[in-house]
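Novice: any chance you can model this:
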Amino acid sequence: MLDPIASAGTAGWSLILLAPFAGSFLGLIIRRLPDGLPVARGRSRCEKCGVQLKVRDLVPILSWLVAKGLCRYCGGSLGWFYPGVELAALAVALAAVLIDGGQAAWLDTLLGWWLLTLGWIDIRCWLLPDVLTLPLVIAGLAAAAIFEPDQLMDRTLGAAGGYLVLQAVAILYRVWRGREGLGRGDAKLLAASGAWLGASALPQVILLAALSALAGAACLRLFGVRIGPQSAMPFGPFLALATWVLWLCGPLLV
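Specialist: Below is the predicted model:
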């Protein structure tokens, strides 16, 4: 398993070393963006005592481990959120390097981090912000134009089709059940999936996302969480997971 990483070269290793720091920044986006707070401005503070954290308190993963998950100033628990996002970002980079090598893994990882951010925000806030979904559509089409221009038409149709399909499903569900079942953010995220994967991959995205959602519901039941007809789960994380898996391993699934 170490051979692909060892052969990834400078590009792969630099990506892996960067990943926890990128995860720390993603954590800021996940926490601050839904509340309309500035992401790039404002120093990090302890959420318990409000003390401004120093550089030594902000080294990804390591600072949390050294402090044993506690604030050095008040002794309050720092929680698992930031190390969790940092480890998830590292896992994304490792998977990309293992599967796709060094240089190509950068695009894989950037897409994975973007989708990770969207999925985590949806879990926390039931929200898929336009400021993240719409640029992701544009980025997918731009990547097609630069790297695979012959796929640009299929990607464009995928973006349009992804949005229209889930919008139609949302309307039908609202008419049938009399309440919202899917938000417009889900439709925009599926549009982004189509922009990155193409129209032909949309059925696979929806199928894999649905199966992942069923597996997630089954896990919640195993942990004692009651799920009934009126229960709801955010669909964005499963769409994000399906999109990235198919982008990364698509040729293996055809």
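Novice: from R226, how far off is the most centrally placed residue in the chain?
Specialist: The chain has L116 as the residue nearest its centroid, 1.5 Å off, counting by CA atoms, centre = their mean. From L116 over to R226 the distance is 28 Å, taken as CB to CB, to the nearest Å. (C-beta placed from N, C-alpha, C; glycine too.)
Novice: and A22, by the same measure?
Specialist: For A22, the distance to R226 under the criterion CB to CB works out to 37 Å.
Novice: now L241
Specialist: The spacing between L241 and R226, counted by CB to CB, is 24 Å.
Novice: neighbour count for these two, which is higher?
Specialist: With other CB atoms under 10 Å as the criterion, L241 and R226 differ in neighbour count, and L241 comes out ahead with 20 against 7.
Novice: for A67, phi and psi?
Specialist: Its backbone dihedrals place A67 at phi -80, psi 0, with angles given as degrees, to the nearest 10.
Novice: tell me the contacts of it?
Specialist: Contacts of A67 were listed using CB atoms under 8 Å, 6 or more residues apart in numbering, and they are D57, L78.
Novice: swap in 7 Å and give it another go.
Specialist: L78 (CB atoms under 7 Å, 6 or more residues apart in numbering).
Novice: how much space separates it from L128?
Specialist: Using CB to CB, A67 is found at 33 Å from L128.
Novice: now do G12
Specialist: Going from G12 to L128 by CB to CB gives 31 Å.
Novice: tell me the confidence at V254?
Specialist: The predicted local confidence for V254 comes out at a pLDDT of 45.
Novice: actually E180, not the one I typed
Specialist: pLDDT, the model's per-residue confidence, is 66 for E180.
Novice: what's the longest helix in this protein?
Specialist: For the chain, the helix that runs over the most residues, judged by DSSP state H, is helix 152-177.
Novice: mind listing what's buried in the helix or strand hosting V205?
Specialist: If you go by DSSP states H and E, V205 is part of helix 202-222. Residues of helix 202-222 classed as buried: L202, Q204, V205, I206, L208, A209, S212, A213 (neighbour count, 16 or more other CB atoms under 10 Å).
Novice: which helices and strands does the following helix or strand past it pack with?
Specialist: As assigned by DSSP H and E, the chain's next helix or strand after helix 202-222 is helix 236-253. Counting contacts by 3 or more CB pairs under 7 Å, 6 or more residues apart in numbering; DSSP states H and E, helix 236-253 is packed against helix 81-100, helix 103-125, helix 184-197, helix 202-222.
Novice: possible to save those as a markdown table with mean pLDDT?
Specialist: A markdown table is the format used below for these (pLDDT from 0 to 100):
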| stretch | mean pLDDT |
| --- | --- |
| helix 81-100 | 94 |
| helix 103-125 | 94 |
| helix 184-197 | 94 |
| helix 202-222 | 90 |
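Novice: for L166, find the nearest of the ones you listed.
Specialist: Each of those was scored for nearness to L166 using CB to CB, and the closest is helix 184-197 (3.8 Å).
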